[in-house]
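Participant: build me a structure from this.
(one chain, ligands or ions: 2)
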Amino acid sequence: MDSTLTPRELVDRTVARIEPLDAESSAAAAAAMDGKVKPLGSLGLLEHLASRLAGIQRTTAPHVDHPAIVVCAADHGIATSGVSAYPQEVTGLMLQGFAAGTAAVGVLAQQSGARLLVADLGVVAPPPVLPGQNEVLDLRVRAGTGNTLEEDAMTRAQAEQAVAHGIGLAQRLADEGTDLVGLGEMGIGNTTTASAITAALLGRDPARVTGPGTGVSGEALAAKVRTVDAVLRRHGDADDPWEVLAGIGGLEVAALTGVVLGCAARRVPVLLDGFITTAAALVASRLAPASVDAMVAGHLSPEPGHAVQLEELGLEPVLRLGMRLGEGSGAALAVPVLRSAVALLAQMGSFADLGLADSTPTA
Ligand SMILES: Cc1cc2ncn([C@H]3O[C@H](COP(=O)(O)O)[C@@H](O)[C@H]3O)c2cc1C
Ligand SMILES: O=C(O)c1cccnc1
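Facilitator: Ligands and ions are numbered 1, 2, ... in the order given. Okay, here's the model as predicted:
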C-alpha cells in the first residue's frame, strides 16, 4: 500500500482501478467447456464458475492454487440491546478459537487447503496473543461500534480507515499470489447490523430481511425487527454507502467492503459467505458497481435477507447446505468446488481430441 495516501484516497484509487469481467476470456472458457467430452451444459453451475473465474482473472486458464479465507472480527454496540442469543464476550472468545485453529472455519479452511487470516478491526475484549498460534492481525480502529439506536456506529474517518485496512489486506494477499479470497466475519450482533444495511440499501421492509441470527425467535425476533426499524429511522440514508457504513456499521463489515474492492481491483475472485459478508458486498457494489463482477456466492444461508441480497447482486450460490454460522464457513466449503471447476476446464478432454469436429447434439 502507498502509505502517503489518505484512507479515502486509497479507496478512490482502488475503485477507479476496478474493471468489469473480461468478456473475451470468459467466452473463450465457456466455448472450451462446451467442447469437452460431455453433453452440453451437463456440468451445470461448474461450467459457469469456470468461465466466470476466467473472466475475473482475465485468462483462459483460471486457477485456484493459493486460496485464502479472510475473517474480519469486531464488536457491535447494538449487541448490548438484546438482539443476539449470545453475549458480546463471545466475539473475543471466538477470536481465540480462530487463533488456535479450533473454530469451524479453521477446520473447514484446512479441509479446503485454504490459508486462514484473521483480523481484529475492533473487538471489545481481544484475547492475548499466545505463542505458536495463528496470527490475529491487529487492524483495530476502535473498541467496538457505538450503539446505533443512540449514536453513529463510527465516524466517517473511522469507516474510511476500516475500508482502507480491508483494501490493504487484499493488496497484501494479491502480492503474495493469492488467487481466490473467501470472506468471513465474527461479531456478536452483526446480523442486526447486516439487516439494517440491507434494508437501507435495498429499501426493503426490515421484517423481510431480519432473521434469527444465532437463534432469536418469537417475541425476541419481533423485538429485533423493531430494533432494525429504529436503527434505520435514525441512520438509513440509502443513497450514500459511506453514510450507511458510518451510521450503521460495523467495523468488520467496512473492512470486508475494502477486501472486496481491493480484490476486484487486482482481479482476484472474491468468494462471499453468508448474510453479513454479503451485506459488505452490497456496500462494495454501491461504491464500485463493477466489483460485483469479481464476486462468487459461496453458499445460501437460511437467514431470510440473504436470498434478497444475492438476487440484488445477481449471484447464484454454489452450495445450499442450510448453514447459518458465518465465520467464512460457507466460503471455505465452496473453495474445492471452484477448484474442481477450473480443473475440469484445464484437464478434461474435448470432442476435438477424439477427432469429432463438434459437440453439437444431433437432435
Ligand atoms: C459461538 C459462536 C460462534 C460463531 N461463529 C459465527 N457466529 C455468527 O454469529 C454472529 C451473528 O449472529 P447474531 O447477530 O445473532 O449475534 C456473528 O458473530 C456470526 O459470525 C457465531 C456465533 C456464536 C455464538
Ligand atoms: O448467514 C450467516 O452468515 C449467519 C447467520 C447467522 C449467524 N451468523 C451468520
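Participant: so which bits of this protein are right by ligand 1?
Facilitator: 84-86, 90, 94, 185-192, 213-214, 325-327 (C-beta under 6 Å from any ligand atom). Backbone N, C-alpha and C define where each C-beta goes, glycine included.
Participant: out of these, which are inside strands?
Facilitator: Cross-referencing those against strands under DSSP state E gives 185, 186.
Participant: can you pull the residues of this structure lying near ligand 2?
Facilitator: Residues of the chain lying near ligand 2 (C-beta under 6 Å from any ligand atom): 191, 213-214, 273-276, 301, 303, 306, 324-326.
Participant: right, and residue 76 touches residue 144 too?
Facilitator: Yes: Residue 76 is in contact with residue 144 according to C-beta atoms under 8 Å; the separation is 6.7 Å.
Participant: quick one: the helices in the protein, in order.
Facilitator: With DSSP state H, the ranges of helices along the chain come out as 7-17, 23-34, 45-57, 89-100, 104-112, 156-175, 190-202, 219-235, 241-248, 251-265, 275-287, 304-313, 329-347.
Participant: give the contact list for the residue in the stretch 101-250 of the chain that ligand 1 sits nearest to.
Facilitator: The stretch 101-250 of the chain approaches ligand 1 most closely through residue 213 (2.6 Å), counting by C-beta to the nearest ligand atom. The contact partners of residue 213, by C-beta atoms under 8 Å, 6 or more residues apart in numbering, come to 83, 84, 85, 191, 192, 224, 303.
Participant: for ChimeraX, what selects the buried ones among those residues?
Facilitator: For the buried members of the contacts of residue 213, the matching ChimeraX selection, counting by 16 or more other C-beta atoms under 10 Å, is:
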select :83,84,191,192,224,303
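Participant: of the contacts of residue 213, closest to residue 166?
Facilitator: Distance to residue 166 across those (C-beta to C-beta) is lowest for residue 191, with 19.8 Å.
Participant: what sits against the closest one?
Facilitator: 83, 84, 210, 211, 213, 214, 275, 276, 303.
Participant: now do the shared contacts for residue 76 and residue 144.
Facilitator: Common neighbours of residue 76 and residue 144 (C-beta under 8 Å, 6+ apart) are residue 88.
Participant: settle it for me: which of these two has more neighbours?
Facilitator: residue 76 (32 against 28; other C-beta atoms under 10 Å).
Participant: what is the neighbour count of residue 209?
Facilitator: With other C-beta under 10 Å as criterion, residue 209 counts 26.
Participant: name all residues that make contact with it.
Facilitator: Residue 209 touches 195, 198, 199, 202, 228, 304, 305, 308, counting by C-beta under 8 Å, 6+ apart.
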